[in-house]
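> I'd like to go over a predicted model; first the sequence, then the structure.
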Amino acid sequence: MITTSPQTTTTLTRQQRHLLLLTAAVSSGCGLAAELLLGTLTSYLVGAQALAYGVAVGGFLAAMGLGAYLSRFVATGHNHSGNKKPSDIEQQKQLINSFFTIEIVLAPLVAFVPLALFALFTFNGPIWIGLIFSTLILGALSGMEVPLLTRLIELDARNLGDSLAGVLALDYVGALAGSLLFPAVLLPWVGLLPSAFIIGSFPSWMVFFLARAFPNMRAWRYVGLGIAIALIIITPAVLPFSANLENKLYKAPVVWRSQSPYQKIILTRYGQDTRLFLNGELQLSTVDEYRYHESLVHPAIAAATKAGTTPKRVLLLGAGDGMALREVLKWPSIEQVNIIELDPAIIELAKNQAALVKFNQNAFDDPRVVIQYGDAFKTVPQLREQFDIIIADFPDPDEVAIAKLYSKGFYQQLRSRLTPNGIIVTQASSPFFAPKVIACITKTIADTGLTAAPYTVNIPSFGPWGFVIAAARPLTFDNTELPISTQFLTSELLPTLFVMAKDITDTDVDINQLSNPVIVPYQSNPRWSVY
């Protein structure tokens, strides 16, 4: 039987030093990945992305500071002989034991806390309180890691300055790796909750490898290896379990779910009603989507036709489900439709999922359609051609990242892509639940020199919904013909859409700008709480 003599000096071997430095990088990467995971999960569940990341990341960092402070009280106890100050050997052992204990506690917490938050939200629990409590616990434990590793290295008198510089350097490198690994690899390829178990396994793996390198600590390797393997084994079971929880969030069976690099995509079906959800928010119901898409598309093209223009080129921003495209292609004068969509997964779903294909009528197979993937904010300024009609179908401006697509600067870019008689139309959220949004969009577009007009339509799945249409000249819709087939919109109904009720009219708004995204708080109107 092979026996190992106990370590009799605090001088670290080359292998031990390298493993400690590597552990610093791994610890930092796991911590940052856990922060991003909590922020992503919370923004998916409750929206308010900026607030979710603010609480998750800000709370995590604050708790890490607390953990770093508390680490000074760890591993400062008596030695075995009763002296107040332990020997360096005993202090090293205490530090390693303390570090291993933190890692072993942290591993299952990182794995199971996101799942617990998901369950808390599913059963209408206090999700924000749960998030704050989780970030405090995880952050405090994570904050202890690097200080403990630094104290371990300090016990090795050789090249102390270089060793400490290495800890800090690898701490930042690890943070970079974690910030890239989670959104670029784990989230799209593994999924949100399974990623938590993979991230959680890393602290256990580090315990396993470090315990092998320190002779007095080899008993820990079985604990680390056992927890790491257990978390990896559990990971595949997380998907069906979380799927069952997720199904409770919707009023119909989930028939498709996927996680793209940009968003969580859910498709539900109940009878004849198929619904598309992005990050938990309803995008369309096939029962009444035609009301929305006919109202978005046809007023602009009909107005252009009435004014004597023959619309030929259309720029469609967003609208990756193909429903708006279906309506555009009904007009025989249209020669080309350029689509700019951020998420390829949406268009792939719309092209291949039978329920969506049935309703968009295979619109993407039309030879007049040109698809370009990218962020419209960056892609539109790169366009060289001009368009007769520009249709913007973006998500509601409930976060700063989306608010830029409703800014004056972006609308100026759109105007530069219009032909002289061209028309812009955009969705404008709910005029009842967020009356300042439609007023803000109208005022912002008008500030670019276009004449803008709001209009509304009632959609059973959404309630009253708003749009804004704009052109270089005032548009009129009396006696406007609709020479295409529709299910909802008629020539007689079209002018009435522009009659705005008193309780959804608000003129006390500012212009939405990149430097001052006022539209985000406008979208957060308290009226949403009753919806």
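Now that the structure is in, tell me what you want to look at.

> can you check which helix is longest in the chain?
Across the chain, the longest stretch assigned as helix under DSSP state H is helix 88-122.

> counting contacts, what elements does the host helix or strand of Ile402 pack onto?
Element membership for Ile402 (DSSP states H and E) is helix 400-403. Packing partners of helix 400-403 (3 or more CB pairs under 8 Å, 6 or more residues apart in numbering; DSSP states H and E): helix 519-523. From N, CA and C alone the C-beta is placed, and that goes for glycine too.

> can you give me the buried ones in the helix it packs on?
Ile519, Val520, Tyr522, Gln523 (16 or more other CB atoms under 10 Å).

> re the thing from before, which helices and strands sit right next to the longest helix of the chain?
Using 3+ CB pairs under 8 Å, 6+ apart, helix 88-122 sits against helix 14-46, helix 127-154, helix 192-213, helix 220-247.

> what comes up buried for that helix?
Applying 16+ other CB under 10 Å to helix 88-122 flags 89-96, 98-104, 106-115, 117-122 as buried.

> how does this structure divide into domains?
14-247, 254-283, 289-530 (automatic domain parsing).

> hang on, the earlier thing: next, format the buried residues of helix 519-523 as CSV and append pLDDT and distance to Ser430.
Listed next are those as CSV, based on pLDDT from 0 to 100; distance: CB to CB, whole Å:
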residue, pLDDT, distance to Ser430
Ile519, 94, 13
Val520, 90, 15
Tyr522, 91, 11
Gln523, 89, 9
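
> got CSV for these, with distance to Gln386 too?
Output for those, formatted as CSV (distance: CB to CB, whole Å):
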residue, distance to Gln386
Ile519, 27
Val520, 31
Tyr522, 31
Gln523, 31
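
> determine which two of those residues are furthest apart.
Taking CB to CB as the measure, the buried residues of helix 519-523 span a maximum distance of 7.1 Å, between Val520 and Tyr522.

> Ser260: what's it in contact with?
Pro188, Asp343, Pro344, Ala345, Ile346 (CB atoms under 8 Å, 6 or more residues apart in numbering).

> closest one of those to Thr135?
Nearest to Thr135 among the contacts of Ser260, with distances taken as CB to CB, is Pro188, at 24.0 Å.

> settle this for me: that closest one is touching Pro261, isn't it.
Yes: using CB atoms under 8 Å, Pro188 makes contact with Pro261 at a distance of 4.6 Å.

> what lies in contact with the helix or strand where Val173 lies?
If you go by DSSP H and E, Val173 is part of helix 160-181. Helix 160-181 is contacted by residues 17, 20-22, 24-33, 36, 146, 149-150, 153-154, 156 when judged by CB under 8 Å, 6+ apart.

> who touches stretch 224-244?
100, 103-104, 107-108, 111, 115, 118, 191-194, 196-198, 200-201, 204-209, 211, 254, 257.

> now swap in stretch 121-131 and tell me
For stretch 121-131, using CB under 8 Å, 6+ apart, the contacting residues are 38, 42, 45-46, 52, 55-56, 59, 116-117, 119-120, 245-246, 248-249.

> thinking again about what came up before, angle of the helix holding Val173 against helix 192-213?
150 degrees (axes from the mean of the first three to the mean of the last three CA atoms, to 10 degrees).

> quick one: the helices in the stretch 301-450 of the chain?
323-328, 344-352, 354-360, 376-379, 400-403, 408-416, 435-446 (DSSP state H, counting those that start in this stretch).

> thought Leu315 was touching Ile390?
Yes: contact between Leu315 and Ile390 holds when scored by CB under 8 Å: they sit 4.6 Å apart.

> common neighbours of these two, please.
Common neighbours of Leu315 and Ile390 (CB under 8 Å, 6+ apart) are Arg417.

> next, count neighbours for Glu424.
Wrong residue type there; residue 424 is Ile, not Glu. Counted with other CB atoms under 10 Å, the neighbours of Ile424 add up to 24.

> equivalent analysis for Asp478, please.
9.

> do the one 3 residues further on as well
Here the neighbour count serves as a burial measure; for Glu481 (other CB under 10 Å) it reads 10.

> same check, this time on Pro483
Around Pro483 there are 10 residues (other CB under 10 Å).

> buried sites along stretch 412-424?
Gln413, Leu414, Arg415, Arg417, Leu418, Thr419, Gly422, Ile423, Ile424.

> contacting residues for the closest residue to Pro311 other than its chain neighbours?
Of all residues beyond its chain neighbours, the one nearest Pro311 is Asp388 (4.0 Å), with distances taken as CB to CB, 6 or more residues apart in numbering. Residues in contact with Asp388 (CB under 8 Å, 6+ apart) are Ala304, Thr309, Thr310, Pro311, Lys312, Arg313, Val314, Leu418, Thr419, Asn421, Gly422, Ile423.

> run through the bridge partners of the last one.
In this structure, Ile423 has the following beta-bridge partners (DSSP bridges): Ile389, Ala471.

> isn't it up against Ala300?
Yes: contact between Ile423 and Ala300 holds when scored by CB under 8 Å: they sit 4.5 Å apart.

> what touches both of the two?
Common neighbours of Ile423 and Ala300 (CB under 8 Å, 6+ apart) are Ile389, Ile469.

> can you tell me which of the helices of the stretch 301-450 of the chain is most buried?
helix 323-328 (a mean of 26; mean count of other CB atoms under 10 Å).

> tell me what it is packed against?
Checking 3+ CB pairs under 8 Å, 6+ apart, helix 323-328 ends up next to helix 289-306, strand 313-318, strand 336-341, helix 354-360, strand 387-393.

> touching it from outside, list them.
By CB under 8 Å, 6+ apart, helix 323-328 touches 284, 289-290, 292-294, 296-298, 301, 314, 316, 319, 334, 337, 339, 359-361, 363-364, 366, 369, 389, 391, 393.

> list only buried entries from the residues you listed.
Buried among the contacts of helix 323-328 (16+ other CB under 10 Å): 284, 289-290, 292-294, 296-298, 301, 314, 316, 319, 334, 337, 339, 359-361, 363-364, 369, 389, 391, 393.

> pLDDT below threshold where in this structure?
1-10, 47-48, 77-86, 156-164, 166, 526-531 (pLDDT under 70).

> same thing but 50
Residues of the chain that meet the criterion pLDDT under 50 lie in 1-5.

> what about the residue lying closest to Lys306 once chain neighbours are set aside, neighbour count?
Leaving aside its chain neighbours, Lys306 sits nearest to Thr480 (5.1 Å; criterion: CB to CB, 6+ apart). Using other CB under 10 Å, Thr480 has 18 neighbouring residues.

> one step back: next one: the longest helix of the chain to chain centre, how far?
On the basis of CA atoms, centre = their mean, to the nearest Å, helix 88-122 is displaced by 27 Å from the centre of the chain it belongs to.

> that one to helix 220-247, inter-axis angle?
10 degrees.

> helix 88-122 vs helix 14-46, what angle?
20 degrees.

> now the angle from helix 88-122 to helix 127-154?
Using the same axes, to 10 degrees: helix 88-122 against helix 127-154 is 160 degrees.

> what about the closest residue to Gly422 other than its chain neighbours, distance to Ser491?
Leaving out its chain neighbours, the residue that sits closest to Gly422 by CB to CB, 6+ apart is Asp388, at 5.2 Å. From Asp388 across to Ser491, the span is 21 Å (CB to CB, to the nearest Å).

> got it, and Arg72?
77 Å.

> which one's more surrounded, these two?
Ser491 (15 against 12).

> which residue sits closest to that one, ignoring its sequence neighbours?
Leu482 (5.2 Å).

> burial of the one you found, as a residue count?
20.

> before we move on, what about the one 3 residues further on?
Taking other CB under 10 Å as the neighbour definition, Ser485 ends up with a count of 6.

> what number of residues lie near the residue nearest to it when sequence neighbours are not counted?
Setting aside the residues directly before and after it, Ser485 is nearest to Lys330 in space (CB to CB, 6+ apart), at 6.7 Å. The local packing of Lys330 (other CB under 10 Å) involves 18 other residues.

> what of Gly65?
Gly65 - counted by other CB under 10 Å - has 12 other residues nearby.

> buried residues in the helix or strand hosting it?
Taking DSSP H and E as the criterion, Gly65 maps to helix 59-70. For helix 59-70, the neighbour count (16+ other CB under 10 Å) marks Gly59, Phe60, Leu61, Ala63, Met64, Gly67, Ala68 as buried.
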